[in-house]
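Student: What would the 3D arrangement of this be:
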Amino acid sequence: MKKFLILYFTILLTVIFTGCASEPVTLQKNQKEVKEIRVGTVPLPFYSHMWVAYKKGFIDEELQKVNYKLNWQTISLGPVVSESFAADKIDMGVMGDFPAFVGRSAGIDYRMVAIASTISKSQALLTKKDSGINMVSNLKGKKVATTKNTSGHELLISLIERNGMSINDVEFVNMSMGDLGTALINGDVDAGVMWEPAVTRLEESGEVKVVVDGTVCPNYAVLLAKESMINDHPEAVKAVLKAYQRGNEYMQKNPEECLKLLAVEMKIPEEQLRKMMDKYIYYPPIDDKFIMDMRSTEQFLLKNSIIKNPVDINLFIFK
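Tutor: As a prediction, the model looks like this:
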C-alpha cells in the first residue's frame with residue numbers, strides 16, 4: 001500500500017509540473033509575432049506631415065494596433081531612397097514622382113500608395129541677379145544645371161521645350177543641390193533648377209533671383225511601398241497611411257507647434273520653413289488629375305529616353 005501511494009504521488013507531481021512547464025510554451029505559440037516595417041524618409045519640407053506623425057508617435061500607435069513595430073530610417077537624399085528599396089533595406093519610402101518612375105522602369109518592385117505632397121511651387125529656375133537672364137528663352141547657349149533624373153530635370157526640359165528649344169540648345173550640367181547653389185553664386189553655371197529648401201535660402205542671400213517657378217510642370221512627392229508589403233502585409237501599409245493622415249490633420253490644427261518641431265528636425269530656421277511649407281499641398285487624394293499627370297510624366301520620360309521600359313500606370317498606382 002505504501003509503495004502504491006508513493007508511486008501515485010510521484011505520477012501526480014510529474015503530471016502537475018509537466019503541465020506547468022508546458023503552459024508558457026502554449027502561450028508563446030498562441031501569441032502573435034510582432035513584425036517590423038522599415039520606413040525611409042528624407043528630412044525635407046515635402047514630407048512635413050510624415051515627420052509630425054513620427055515625432056508625435058502616431059505611426060507607432062497605429063502599427064501597434066495591428067501588431068507591427070516601426071523601424072524609422074532617416075535618409076539624407078531622395079536618390080538614396082531608391083537605392084535602399086533596390087537593396088531591400090526599406091519597405092516603404094518617399095521620393096519625387098520622377099525618380100520613382102525611373103526606379104520602377106528599372107525593375108524596382110514598389111508601387112505608389114499615396115501622394116505625400118504637390119511640389120511644383122517649391123521648384124524654380126534660378127540665376128544670379130546680374131546674369132541678364134530674365135526669361136527661359138535667354139537660356140540658349142548657356143550653362144544650365146540641375147540634378148539628373150529628378151523632378152527638377154523634368155521641369156528644366158519642360159521649360160526649355162515650352163519655349164521652342166531642346167535640351168541640346170543649352171549646355172546641361174548634372175549637379176547635386178549642394179554643389180549647384182555654390183556654382184550659381186560663383187558663376188560656374190549660368191542658371192539652375194532647384195527645389196526647397198535651397199530656393200528660399202538662396203533667395204534670402206540676395207545674390208540670386210527666381211526666373212520662373214515650377215507651376216507649369218505638375219510634380220509630386222510620393223509614398224511608395226514594396227509589392228510584397230502591399231500583398232503580404234496590407235494592414236501595416238494601411239496603418240502607416242492612417243498615421244500620416246493623422247499627422248497632416250494635426251499639422252493643420254497646430255501649425256505653430258509643428259513648425260517649431262520641424263525646424264529642429266530639418267535644421268531650417270522657422271521663418272524660412274514657414275515660407276516653404278506654404279508652397280505645398282500635403283497629402284492630397286489620388287484622383288483622376290494625378291493619374292493623368294502620371295501618364296504625362298511617363299510619356300515625357302520615354303520621349304526623352306530617360307526611361308527605356310514603359311511603366312503600366314494602372315499597376316504602378318495602388319488605390
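
Student: rest of the way, CA atoms for contacts and neighbours
Tutor: Will do.

Student: For K69, list each beta-bridge partner.
Tutor: E36 (DSSP bridges).

Student: I'd assumed F58 was in contact with it.
Tutor: No - the pair K69 / F58 is not scored as a contact, 11.9 Å apart, by C-alpha atoms under 8 Å.

Student: OK, contacts around the residue lying closest to G141 once chain neighbours are set aside?
Tutor: With sequence-adjacent residues excluded and distances taken as C-alpha to C-alpha, 6 or more residues apart in numbering, G141 is closest to V170, at 4.7 Å. By C-alpha atoms under 8 Å, 6 or more residues apart in numbering, V170 lies in contact with L139, K140, G141, K142, K143, V144.

Student: State the distance from the fourth one to F58.
Tutor: The reference is to K142. Note on K142: its distance to F58, by C-alpha to C-alpha, to the nearest Å, is 48 Å.

Student: With the last one instead?
Tutor: The spacing between V144 and F58, counted by C-alpha to C-alpha, is 42 Å.

Student: Which one's more surrounded, K142 and F58?
Tutor: Per other C-alpha atoms under 10 Å, whichever of K142 and F58 has more neighbours is F58, with 21 against 15.

Student: The residue most central in space within the chain sits in which helix or strand?
Tutor: Geometric centre of the chain, nearest residue: V94, 1.7 Å, by C-alpha atoms, centre = their mean. Assigned by DSSP states H and E, V94 falls within strand 92-96.

Student: now what about that strand, what contacts it?
Tutor: 37-42, 78-79, 81-82, 85, 116, 150-151, 219-226.

Student: any chance of the contacts of V170 in CSV, plus pLDDT and distance to S122?
Tutor: Putting these into CSV (pLDDT from 0 to 100; distance: C-alpha to C-alpha, whole Å) gives the following:
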residue, pLDDT, distance to S122
L139, 96, 21
K140, 95, 24
G141, 95, 26
K142, 96, 23
K143, 97, 22
V144, 98, 19
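
Student: Could you list the domains of this protein?
Tutor: Domain segmentation of the chain under automatic domain parsing yields 35-118+219-316, 121-216.

Student: Quick one: end-to-end length of the longest one, please.
Tutor: Meaning domain 35-118+219-316. Across domain 35-118+219-316, first to last residue, C-alpha to C-alpha, it's 26 Å.

Student: now do the shortest one
Tutor: For domain 121-216, the separation between the terminal residues is 9 Å (C-alpha to C-alpha).

Student: what is the residue nearest to the centre of the chain paired to in the beta sheet?
Tutor: Counting by DSSP bridges, V94 is bridged to L223.

Student: any idea how far N134 is from it?
Tutor: V94 is 34 Å from N134, by C-alpha to C-alpha.

Student: Give the buried residues for stretch 177-185.
Tutor: Across stretch 177-185, burial judged by 16 or more other C-alpha atoms under 10 Å covers M177, L180, G181, A183, L184, I185.

Student: helix, strand or coil for the fifth one?
Tutor: Right, L184. Under DSSP: H, G, I helix; E, B strand; the rest coil, the three-state class of L184 is helix.

Student: what about the helices in the stretch 1-150 of the chain?
Tutor: For the stretch 1-150 of the chain, helices defined by DSSP state H, counting those that start in this stretch occupy the ranges 2-30, 48-55, 58-65, 78-86, 97-105.

Student: average model confidence for the first one?
Tutor: Per-residue pLDDT over helix 2-30 has a mean of 39.

Student: ditto for the second one
Tutor: Taken as a whole, helix 48-55 has an average pLDDT of 98.

Student: got the angle for that helix vs strand 92-96?
Tutor: Per axes from the mean of the first three to the mean of the last three C-alpha atoms, to 10 degrees, the angle that helix 48-55 makes with strand 92-96 is 160 degrees.
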